[in-house]
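Trainee: Please work out how this folds:
(2 chains)
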Number of protein chains: 2
Amino acid sequence: MATAEKLSAHVNGVAVDGLFRTIEAVKVTPSIAKFNFRIQNQWETGSRNCSTVATFGGANKELSHPKPFMLQADEPAILLGNDTAANPVEYLLHALASCLTTSMVCHAAARGIQIEEVESSFEGDIDLHGFLDLDPNVRKGFQRIQVRFKIKADAPDAQLQEIVQLGTGHSPVFDSLTNGVPVSVTAERL
Amino acid sequence: MATAEKLSAHVNGVAVDGLFRTIEAVKVTPSIAKFNFRIQNQWETGSRNCSTVATFGGANKELSHPKPFMLQADEPAILLGNDTAANPVEYLLHALASCLTTSMVCHAAARGIQIEEVESSFEGDIDLHGFLDLDPNVRKGFQRIQVRFKIKADAPDAQLQEIVQLGTGHSPVFDSLTNGVPVSVTAERL
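Mentor: Next up is the predicted model:
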């Protein structure tokens, strides 16, 4: 009985009982819903730099990851780097992929929709005429991003689109990237 | 002489001779400026998934990183994960940090501005009333992002702001995130 209850409380690897408890807790104490995520970045040389992901704020507390995560960045040789790590726009695609996938899986779990497998591919186009200041009409960033999900679930084809919309409709990175975020930047002497 | 030439061709660890050759090459053959970046993502369970960064298109060629980079994602325990890796929005902050830093350092190098050290902190606020569908007026994504650069360079204080603007004015991730990107999403059966 205890085992059956425990099993039924997890759908898609998501503790749905914990999810529903979180929702009830936020209704009682709205301020616990406020999260603050942060990183520190250290430039090494050229296109090499490293971010440390250590602490975050949430549920009215200061919290820490069990150990800091170190995220390197570099550029491939053709973009004048040493190709020791993924580059910033590849990290952006990973942020989008991981967020869409987690958001989809979590909200499907909350609705009792069991998902067996998810694979996805993400690609985006950049024209360096922007970055290199060769054409003011070409943007610096991604011109477009194409996402292709492949999903194995006990659901009719029409529902696959709905399942993916649970991701696009809830993902913080998808919202941030498609609708834009205000970013303030300050500089001081080190 | 050869050594002095080699040294003078690198500023801030950036091969500025290579950068200027790239600009001239793009003027001759504009199509080499088109790049296509891509990742594959595989869901594991719950909030755990992993992206593979292996190939990209650029300079009218299909190119590969020397080895694929594997990027894990997870969520902390308070967000129902196992905290084995940074989460998607932390990856988004890393993408922004690494891109702003590299863009700044590269464009400063092109102008002969020597930079000695760069540190930066990035933080962003998310209110889970959005993700949890508890308030339709609260967005799912970052409400705002604050960036603080600390720079050691042989430059007056006023120029520190200009140096940082070389980053914000050229960074593909900054442009993508502040102005938004169209994202198309398809789903099919695995």
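Trainee: how about low-confidence regions in chain A?
Mentor: Within chain A, the stretches falling below the threshold (pLDDT under 70) are A:1-8.
Trainee: the strands in it, which residues?
Mentor: Remark: strands of chain A, listed N- to C-terminal, are A:10-11, A:14-15, A:34-45, A:48-58, A:61-73, A:115-127, A:144-153, A:183-189; assignment by DSSP state E.
Trainee: Could I get these in TSV, plus columns for mean neighbour count and distance to chain B?
Mentor: Just so you know, the C-beta spots here come from the backbone N, C-alpha and C atoms, and that holds for glycine as well. Putting those into TSV (neighbours: other C-beta atoms under 10 Å in any protein chain shown; distance: least, C-beta to the nearest C-beta, whole Å) gives the following:
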stretch	mean neighbour count	distance to chain B
strand A:10-11	18	8
strand A:14-15	21	5
strand A:34-45	20	3
strand A:48-58	20	4
strand A:61-73	15	3
strand A:115-127	20	4
strand A:144-153	18	4
strand A:183-189	15	4
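Trainee: With distance to B:Ile145 as extra columns, can I get these in CSV?
Mentor: CSV is the format used below for these (distance: least, C-beta to C-beta, whole Å):
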stretch, distance to B:Ile145
strand A:10-11, 33
strand A:14-15, 27
strand A:34-45, 9
strand A:48-58, 14
strand A:61-73, 16
strand A:115-127, 20
strand A:144-153, 19
strand A:183-189, 5
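Trainee: Please identify which of those is closest to B:His129.
Mentor: Distances from B:His129 to each of the strands of chain A were compared by C-beta to C-beta, and the smallest falls on strand A:34-45, at 8.8 Å.
Trainee: Tell me the strands beside that closest one, with direction?
Mentor: Each strand pairing with strand A:34-45, determined using DSSP bridges, is listed with its direction: strand A:48-58 (antiparallel), strand B:115-127 (antiparallel).
Trainee: so which of the ones you listed gets nearest B:Thr29?
Mentor: Sorting those by C-beta to C-beta, the top spot, which is the nearest, belongs to strand A:48-58 at 28.3 Å.
Trainee: on that earlier part again, minimum distance to B:Phe35: which of the strands paired with strand A:34-45 has it?
Mentor: Closest of the strands paired with strand A:34-45 to B:Phe35 is strand A:48-58, at 19.4 Å (criterion: C-beta to C-beta).
Trainee: still on that earlier bit, any chance of JSON lines for the strands paired with strand A:34-45, columns distance to B:Ala187?
Mentor: Compiled in JSON lines, the strands paired with strand A:34-45 are given as follows (distance: least, C-beta to C-beta, whole Å):
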{"stretch": "strand A:48-58", "distance to B:Ala187": "30"}
{"stretch": "strand B:115-127", "distance to B:Ala187": "26"}
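Trainee: Compute the distance between A:Ser51 and B:Pro66, please.
Mentor: 22 Å (C-beta to C-beta, to the nearest Å).
Trainee: try A:Ser31
Mentor: Using C-beta to C-beta, which is the criterion applied here, A:Ser31 is 48 Å from B:Pro66.
Trainee: for A:Asp157, same thing?
Mentor: 40 Å.
Trainee: swap in A:Gly180?
Mentor: Distance from A:Gly180 to B:Pro66, counting by C-beta to C-beta: 34 Å.
Trainee: likewise A:Gln72?
Mentor: According to C-beta to C-beta, A:Gln72 stands 14 Å off from B:Pro66.
Trainee: Select the longest helix from chain A.
Mentor: Across chain A, the helix with the greatest residue count (assigned by DSSP state H) is helix A:88-110.
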